[in-house]
Structure formats: C-alpha cells, structure tokens
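Participant: sharing a model prediction with you, sequence too.
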Amino acid sequence: MSLFLAALAVLLLGGLGALAASRSPRAANLLGALGAVLGCAFGGTVALRVLAGEDLPALRAPWRVPYASFHLEVDALSAFFLLPIFGLSALAAVYATGYLRPFGGRRSLGPPWFFTNLLVAGMALVVVARNAILFLVAWEVMSLAAFFLVAWEDEREEVREAGWTYLVATHLGTAFLLALFVLLGREGGSFEFEAFRAGAQPGALFLLALVGFGTKAGFVPLHVWLPEAHPAAPSHASALLSGVMIKTGLYGLVRTVTFLGTPPAWWGWVLVGVGATSGILGVLFAIAQHDLKRLLAYHSVENVGIIALGLGLGSLGWTYGAPWLAAFGLAGALLHVLNHALFKGLLFLGAGSVLHATETREIDRLGGLGKRMPATGVAFLVGAAAITGLPPLNGFVSEFLIFLGALRGGTSSVAGVAVPGLAAIGSLALIGGLAAACFAKAFGVVFLGEPRSGEAARARESGPAMVVPMALLAAACAAIGLFPGLALRIVEPAVREVLPGPDAGWRPAAAAILDRAALAGGGFLVLAAALALLRRALLRRRPVGETVTWDCGYVRPSARMQYSSSSFAQPLTELFGILLRTRKRIVAPRGPFPAGASVATETPDPFRERLYGPAFAAIARGAAALRWIQIGRVHVYVLYVALSLLVLLAWKLG
C-alpha cells in the first residue's frame, strides 16, 4: 500500500504546489499536471499489479475519529475501478495544460489544479476505503472538489446555479448513504466493511444504497444535477466527472451488494427497470439538446442505464443459480464502466477542443469543423462510433456482452429471468438506434457542412497537449474493440471478487464470440482503408475540383440552408413527444415578401421542472414562513441551543 499512499501524496503535493504558484499560470500548469501524471502513474501501477494477481496486504492504522479507522485495501474490484480513475485522470491532466492556458491571463490557474488533483485523490480513496467513516470522508472530499470545479467560472449565473444544484443533489444522496452505513454498522457491531451483514431488512438497505449511490451515478430520476454540472465545469473536469466520478456511485452499489448476500429476484428486476428507464430517457433527452456538452451529459445518463441493465442481469443470474448469466451481465456492466470512461472522456475532451477553438457550445453555431480541426474531428468520430456500440470499437464489446447475457436470460424457462432478459434486449436495441441517430446529428452538424458562424469559420486545430490525449483515448477504444479477449482478462478478477464461484468457462466462451465479431469488424476497416487507398491512387493523375452541392435552384446557397440540430432531430422528438414535451417557438412568414421567419425548440428536463422544482419551491416557502425565528440576537440563539440540549437530555433519560 506504500505505493498507493505515495500516489495520493504526490497528487496532493502537486495540487498544493499549483495553488502556491497561482500568480504564475505557467508554473501552476506545470506543477499541477506533473503531480497529477506522476500520482496517477503510481496509482495505476498498483491497480495493474492487483489485476495481474498480486495480493497486496491491507493497511490498518488507528484514527482518532469516533468509530473510524484508517483501513485501506485494494482488492480486484477496487483495482478495476482504479484503472479508469488513474488512466483518464492522467490524460485529462495533460489535456488541461493546453485547455487552461488561455484562462491564465484573467483567472488564477491554481484553484482548478488543486481541486482536480483533490478530486482524483478523493475518488481513489473512495474505492479502497474499508471503513464506513473513512469512506464517507473520502466521498465528501470527492464531492466538494467536484463542486468547486463545477463552480469555477462563478461569474456566470448558469454556472452558479449548476454548482448549487449539484451540491444539493450530492448531499441528499449522502444522507441516504449515512442512513445505510448506520444500519449496517448497528447490525454488524462495527463500521468496518468486513463486519457488515444484511440483518433483518436487506431490501431496505438495498433501496438506501440504490438512492444514495444512484444519485451520484445519475439514475433517472436522480439525474437532474448531471446535465447542469457537466457542461458548467471546465472540459477536462467534465471528462473526469462523467468518465469516472459517476462510476464511484456504481462501485458503491456493487460493493454494498457484496455485503448483503444472495440478492432477491426483485433487486434484479428493479435494476433492469432503472437501467431501461435511464438508458432510453437519457438518449431521448440527448437527441433534443442544442448544447454539445449538455448532449454528452445526457448520454452519461444513458450509459449508466446500460451498466444498470448489466448489473440487473448479473443479479438475476446470481439469484437463480445461472452462473453464465451472472458472469455475462456483471462482466458486461464492469467492462462498460471502463469503456465509458474511455469514449466519454474522449468525447468531452473533443467537445472541449471545439469550445477552445470557437468559444461556443451551441451546436447550431458550429459546422464545417472537420476541415479546420481534422484531428479533433477524427477523434470525436471514433468516440461517437464507440458510444453507439459500433464494431470494432470498445462500446460494442461491453454492450454485446450484456446483450449475450440478456439473450441467455430471455431464452430461460424461468419467467423471472426471461421477462427481464427480453426487456433488456429491447432496451439495448432501442438505445443503440437512438444513440446512432443522436451522434449522426452531433458529428454531422458540428464537423460537416459549412460554418454557421464566424467563430466556426475562424476555428483552428488545438495544440499537441490537447490532441495527444484524445489520440491515445481513441487508440484505447480501438484496442479494446480489436482485442476483446484481453479486456475480458482485465475484468475477470473483478467478476470473481463479486460473484460467489462463477463458472470459469464463461470467459473463454465470451472471448470466442467477441473475437469473431472483432475479426469481422477489423476486416471491414481493412476493406474500407483499401478502398480509400484505391480511390486515392485512381484520382492521383486526374484533375479534381470542388464546387457547391446541388442547390435546388437557389442561386446563392448559404449555411442557413443546412440541417440544424432541431430540424435533424425533429422526426424523433415528435415521435417521442409525449415523453420529451418539446416546446416550439415559431415566427411564421407574413406577407408576400416576409422579412424573416424562425423556428426554435426547447426541451427542458421534466423531472427538474415538474418534480424537483415544485418540491424545492415548497420547501423554500416553508423555510420563509419560519424566518421569524432568525431575529439576529445572539442570546436568543444561545437559548435555542440550550432548549435543544434539554430536549435531547429528556429524551435520553426518558
């Protein structure tokens, strides 16, 4: 554990060094990035050693906090989650040196580096903590560091609102976790994880974990903070929040299930239902967005839904004694955790590169960036293909593994397995089709066609510090897609850690199927590359000219005649209008020679508007009614404290 502690120390020292050097943007960038990369290298080494089979001894040290101990352990499940945490964080740190540089003239770069490194250290500590008090402390450090990153550009009103929305949501989730650990600790007589057991109410404990950890993960309807916070944060932080921080919620849920013993069937049904709902609604709301980073944020909701589908199938396989169903579902879910970190990190870094070059996230003000930013365009295209589950990229591997589990469940003679299995198959098919449509819109409107604004026309490619991390993430997406057997070897130790004695034959069987799919996908890529080279050779000695596309008789075609994000998505938003409730503002043309006309659409989150908005407004009214208690006199407040103590004393004695 000494190397892991060294990783945390280097991360914190790098952040503190950047904070101390705040007056020098160059020094802050150097110290912050150096601490992040070195710390992640140390921590990643620990994770790889454990996944390779090395057994690291746990660290137990006294801690002078009631009921707490400094108890750390890196088992296979923790190591698997450490891999994307440290891997993506190192690349995001390199990217941030280029992304944050333009801010150095008007803002201090010390704070974002300090909170970035603190966020990484907090996430790492969360997944290795083995004491509930230590876990909650690490959870709070992680959450507060993320808050300060979300609210960094606090001069903007929407950023301040996003920060407070996130802060309220994360602490509501923490309240459920506090109740969960109190009940587990009372039942086990200790707050050490090894002492936890289900007791008489495992269902209540599962629901507390589902809400508490699901709030961080972004399950519908607990997701409302996510599409607000991710666009507000700097793009390297958005990649970390979406790529790895929300996965700590999934880690906590999986870890809690290991405390509770064999899950009842209804736990699996709930997870499949939550996964289907989150996946379908997440991608539907993504399609309707006009903000590029907000669109990507809703896709995080979609992908945690896919992971929940896998966890639900794995739970059902565990319940009904179907080891291959359990292994396929859990392995697909865990592998999608890693894959999502790679392609979603890539997409957010790509969106940050677009924002860096154009200073806008509004999709309808972009266009034509593929010619001006070719490296960013190719990287974004790889991420878009991966997130839609196209072979031979990594998203296909994990989604197909979950699909194999669902197919095995759907053909079961047990109705309690067959129905959720068929529901998962239908959900995955619908999610995949809608995701493909959404990213056809996102990539097409942003990178193809002609620029829709001066900002897009003046865009230039980002520097190497931003391009190289994107290239490495794109290569990782392709590597897992082309060599899925290696990815299964990485995830297998974590599956063994969670499931009680999984069938050892599941991995070779899954690898054989996935390798054949990867071979077919790789063959398609080779064929496409060969055709491209052949075309280039045939046209080498022929004159090639460029002109406008067919303009339908218009003499002066312009960028305004291209598909907008709204018009591209209109068939789908109208088809699912009962769920989306998209609002239209139409200015119709008037007269024989109209001066102008316009159509604008807006799709607000209905859970925010109709559930949380009215609830918090009612709480605010109730709090305002009690404002008379706050009269501004210290001696009255002392009286309140004394009365509270008397009431507690009477309750205790009585």
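Facilitator: That came through, no problem. Being a predicted model, the structure only gives us computed values, none of them experimental.
Participant: what is the least confident helix or strand in this structure?
Facilitator: strand 598-602 (a mean of 79; mean pLDDT, DSSP states H and E).
Participant: buried residues in that strand, which are they?
Facilitator: In terms of neighbour count (16 or more other Cβ atoms under 10 Å), strand 598-602 has its buried residues at residue 601. C-beta: built from backbone N, CA, C; applies to glycine.
Participant: confirm residue 586 sits in a strand?
Facilitator: Yes - under DSSP: H, G, I helix; E, B strand; the rest coil, residue 586 sits within a strand.
Participant: so it makes contact with residue 599?
Facilitator: Yes - the criterion here is Cβ atoms under 8 Å, and residue 586 meets it with residue 599 at 5.2 Å.
Participant: just give the closest residue to residue 459, not the sequence neighbours.
Facilitator: Leaving aside its sequence neighbours, residue 459 sits nearest to residue 357 (Cβ to Cβ, 6 or more residues apart in numbering; 4.1 Å).
Participant: so how far is the helix or strand where the one you found lies from its chain's centroid?
Facilitator: Here residue 357, judged by DSSP states H and E, is contained in helix 323-358. Distance of helix 323-358 from the chain centroid (Cα atoms, centre = their mean, to the nearest Å) equals 7 Å.
Participant: again, but for stretch 350-370
Facilitator: For stretch 350-370, the distance to the chain centre is 21 Å (Cα atoms, centre = their mean).
Participant: and the end-to-end length of that stretch?
Facilitator: 12 Å (Cα to Cα, to the nearest Å).
Participant: repeat that for stretch 10-28.
Facilitator: With Cα to Cα as the measure, stretch 10-28 spans 15 Å from end to end.
Participant: that stretch: which residues count as buried?
Facilitator: Neighbour-count burial for stretch 10-28 [16+ other Cβ under 10 Å]: 10-19, 21-22, 24-25, 27-28.
Participant: which one of those is nearest residue 592?
Facilitator: Comparing the buried residues of stretch 10-28 against residue 592 with Cβ to Cβ places residue 25 closest, at 58.1 Å.
Participant: count of neighbours near residue 302?
Facilitator: Neighbour count of residue 302, defined by other Cβ atoms under 10 Å: 26.
Participant: residues touching it, list them.
Facilitator: 278-280, 282-283, 286, 431, 435 (Cβ atoms under 8 Å, 6 or more residues apart in numbering).
Participant: likewise residue 546?
Facilitator: By Cβ under 8 Å, 6+ apart, residue 546 lies in contact with nothing.
Participant: do residue 481 as well
Facilitator: Listed by Cβ under 8 Å, 6+ apart, the contact set of residue 481 reads 386, 391-397, 518, 521.
Participant: the same query, at a cut-off of 7 Å, please.
Facilitator: 391-394, 396-397, 518, 521 (Cβ atoms under 7 Å, 6 or more residues apart in numbering).
Participant: and for residue 189?
Facilitator: Contact partners of residue 189, counting by Cβ under 7 Å, 6+ apart, are residue 195.
Participant: phi, psi for it please.
Facilitator: phi 80, psi 10 (degrees, to the nearest 10).
Participant: measure it to residue 537 for me?
Facilitator: Residue 189 is 75 Å from residue 537, where distance means Cβ to Cβ, to the nearest Å.
Participant: and for residue 635?
Facilitator: 90 Å.
Participant: got it, and residue 20?
Facilitator: Distance from residue 20 to residue 537, by Cβ to Cβ: 58 Å.
Participant: now swap in residue 203 and tell me
Facilitator: Taking Cβ to Cβ as the measure, residue 203 falls 66 Å from residue 537.
Participant: neighbour count winner among those two?
Facilitator: Higher neighbour count among residue 203 and residue 537: residue 203, with 15 against 9, using other Cβ under 10 Å.
Participant: mind checking which helix or strand that one is in?
Facilitator: helix 202-217.
Participant: need the mean per-residue confidence for that helix.
Facilitator: Per-residue pLDDT over helix 202-217 has a mean of 94.
Participant: swap in stretch 81-90?
Facilitator: For stretch 81-90, the per-residue pLDDT averages 96.
Participant: any chance you could list what contacts it?
Facilitator: For stretch 81-90, contacts defined as Cβ under 7 Å, 6+ apart pick out 36-37, 40-41, 43-44, 47, 120, 123-124, 127, 239-240, 243-244, 247, 251, 337-338, 341, 345.
Participant: could you do stretch 248-268 as well?
Facilitator: With Cβ under 7 Å, 6+ apart, stretch 248-268 has contacts from 77, 81, 123, 126-127, 142, 184, 196-198, 202-203, 205-206, 209-210, 213-214, 216-217, 304, 307, 311-312, 315-316, 318-319, 337, 416, 420, 498.
Participant: so where's the protein shaky on pLDDT?
Facilitator: Applying pLDDT under 70 to the chain flags residues 200, 502, 549, 551, 553-556.
Participant: residue 60: which element?
Facilitator: strand 59-62.
Participant: do you know how far residue 62 is from residue 10?
Facilitator: Distance, residue 62 to residue 10, using Cβ to Cβ: 24 Å.
Participant: before we move on, what about residue 412?
Facilitator: From residue 412 to residue 10 the distance is 50 Å (Cβ to Cβ).
Participant: got it, and residue 160?
Facilitator: Here residue 160 is placed at a distance of 32 Å from residue 10 (Cβ to Cβ).
Participant: what do you get for residue 468?
Facilitator: Computed with Cβ to Cβ, the distance linking residue 468 and residue 10 is 22 Å.
Participant: next, count neighbours for residue 647.
Facilitator: Number of residues near residue 647 (other Cβ under 10 Å) recorded here: 10.
Participant: domain parsing for the chain?
Facilitator: Following automatic domain parsing, one finds the domains of the chain at 262-538+565-586+598-604, 607-653.
Participant: centre of the chain versus the shortest one, how much separation?
Facilitator: Which is domain 607-653. Relative to the centre of its chain, domain 607-653 is centred 35 Å away, using Cα atoms, centre = their mean.
Participant: cool, the first one as well?
Facilitator: For domain 262-538+565-586+598-604, the gap between its own C-alpha mean and the chain's C-alpha mean amounts to 11 Å (Cα atoms, centre = their mean).
Participant: can you measure across that domain, start residue to end residue?
Facilitator: Domain 262-538+565-586+598-604: ends 40 Å apart by Cα to Cα.
Participant: what's near enough to touch residue 456?
Facilitator: Counting by Cβ under 7 Å, 6+ apart, residue 456 touches 358, 365-369.
Participant: swap the cut-off to 6 Å and go again
Facilitator: Taking Cβ atoms under 6 Å, 6 or more residues apart in numbering, we find residue 456 in contact with 358, 366-368.
Participant: how about residue 297?
Facilitator: Listed by Cβ under 6 Å, 6+ apart, the contact set of residue 297 reads 226-227, 230.
Participant: let's see it at 10 Å
Facilitator: 218, 223, 225-232, 238, 241-242, 282, 285-286, 289, 291, 344, 348 (Cβ atoms under 10 Å, 6 or more residues apart in numbering).
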